[in-house]
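1. The following comprises the amino acid sequence and a computationally predicted model.
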Amino acid sequence: MTFSAWISEPINWIFLLVGLVVLASGFRVVTAKNVVHAALLLVAALAGTAGLFLMLAAEFVAWVLVLVYIGAVIVLFLFGIMITRAPTGQDEGLDSEKKVVPALLSVGVFVLMAWGSIDAFGTTLVGATGDPISTELIGESLLGRFVIPFEVVSFVLLAALIGSITLARKDLTPIEEEEGRRV
Amino acid sequence: MILSQFLILAAALFAFGIYGLLVRRNIVLILLSVELMLTAVNINFIAFESVFRSPDAIGQVFAIFIITIAAAEVGIGLAIVLMIFRNRKSANVDELSLMRY
């Protein structure tokens, strides 16, 4: 498939637009000098990813991504930034000085993975005519074949919830505990 | 749309995540980079599911599992960061060298 044939499909224009948003905001997440900006740019990257999921016939996962990540996880991150009093203004000491080796490593990983996927899948077409995978099918799969992993994951979530409460709550000194009992 | 375009985009996001993981000093920003890498993996799962349709939508089910585990990871991770900050008054990984030698 030539590039001109690829670019003549209108859906690929949308892909280019969304992909550029995802890549640009993803790059800024790891390079931004402002901590709050990095967290907010992750929202842009994840919203673009949800758009990609919609293009790939995954409606349910796209909205789960929007609800769980953009709705909950980013808010948690912003809380974490505020509570740990991370420098919210411009800050030069946010990154390590040794940047050459990590940059080379990440470029190497990218080249390896991109070469591998082109070599393995070449011009395999994504079924643009295929129906979206219905939420009904996912629900039946989750509570049918994958019911044990599903229950295990829900248990992991419960354990994480209790664990993070236990970790984050402040231990009272014996004197404070005594005063608390009197009140 | 071809499959490789999604795989290459996911590879680029994963590479950004690796770069952020190695370069950043603040623990919260390292966790952000980990989220970027998990999202890249999710894109791969969804793209493969969209091409090789499985009868039980396995790719999408696994993407949902990854999102759930990532949410749990962020909760635990931020609680640990909070504990470290309370004890050390800093959230920089450079200063957490107590168990280094």
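-> Noted; the coordinates are in hand.

2. what comes up buried for stretch A:94-112?
-> A:94, A:95, A:102, A:106, A:109, A:110 (16 or more other CB atoms under 10 Å in any protein chain shown). In short, each C-beta sits where N, CA and C put it, glycine included.

3. Touching, the first one and residue A:36? I think so.
-> It stands for residue A:94. No - in terms of CB atoms under 8 Å, residue A:94 does not count as a neighbour of residue A:36; the distance is 11.8 Å.

4. Would you check how far apart the residue in chain B that chain A sits nearest to and residue B:11 are?
-> Among the residues of chain B, residue B:20 lies nearest to chain A; the distance is 3.2 Å by CB to the nearest CB. Using CB to CB, to the nearest Å, residue B:20 is found at 15 Å from residue B:11.

5. more neighbours, these two?
-> Neighbours around residue B:20 and residue B:11, counted as other CB atoms under 10 Å in any protein chain shown, are more numerous at residue B:20. The numbers are 28 against 23.

6. wait, what's in contact with that one?
-> Counting by CB atoms under 8 Å, 6 or more residues apart in numbering or on different chains, residue B:20 touches A:29, A:30, B:29, B:30, B:32, B:33, B:36.

7. Toward the C-terminus, what is the element adjacent to the one helix or strand it maps to?
-> Here residue B:20 sits within helix B:3-23, counting by DSSP states H and E. Using DSSP H and E, the next helix or strand after helix B:3-23 towards the C-terminus is helix B:27-51.

8. Tell me the helix or strand right after that next one.
-> Counting by DSSP H and E, the element after helix B:27-51 in chain order, helix or strand, is helix B:58-88.

9. That following helix vs helix B:27-51, what angle?
-> With axes from the mean of the first three to the mean of the last three CA atoms, to 10 degrees applied, the angle from helix B:58-88 to helix B:27-51 works out at 180 degrees.

10. List the beta-bridge partners for the closest residue to residue B:30 other than its chain neighbours.
-> Once its chain neighbours are removed from consideration, residue B:30 has its nearest residue in residue B:24; the separation is 5.2 Å (CB to CB, 6 or more residues apart in numbering or on different chains). As for beta bridges, residue B:24 partners with residue A:95 under DSSP bridges.

11. and the gap between residue B:24 and residue B:97?
-> Here residue B:24 is placed at a distance of 17 Å from residue B:97 (CB to CB).

12. And residue A:141, by the same measure?
-> To residue B:97, residue A:141 is 47 Å away according to CB to CB.

13. now residue B:59
-> Between residue B:59 and residue B:97 the computed distance is 41 Å (CB to CB).

14. wait, does the helix or strand hosting residue A:30 contact chain B?
-> Taking DSSP H and E as the definition, residue A:30 sits inside helix A:10-31. Yes - taking CB under 8 Å from any CB of the partner chain as the criterion, helix A:10-31 and chain B are in contact, through A:11, A:12, A:15, A:19, A:22, A:23, A:26, A:27, A:29, A:30.

15. Just the buried residues of that helix, please?
-> By 16+ other CB under 10 Å, the buried positions in helix A:10-31 come out as A:12, A:15, A:18-19, A:21-23, A:25-31.

16. Give me the more crowded residue out of residue A:141 and residue B:97.
-> Neighbours around residue A:141 and residue B:97, counted as other CB under 10 Å, are more numerous at residue A:141. The numbers are 21 against 8.
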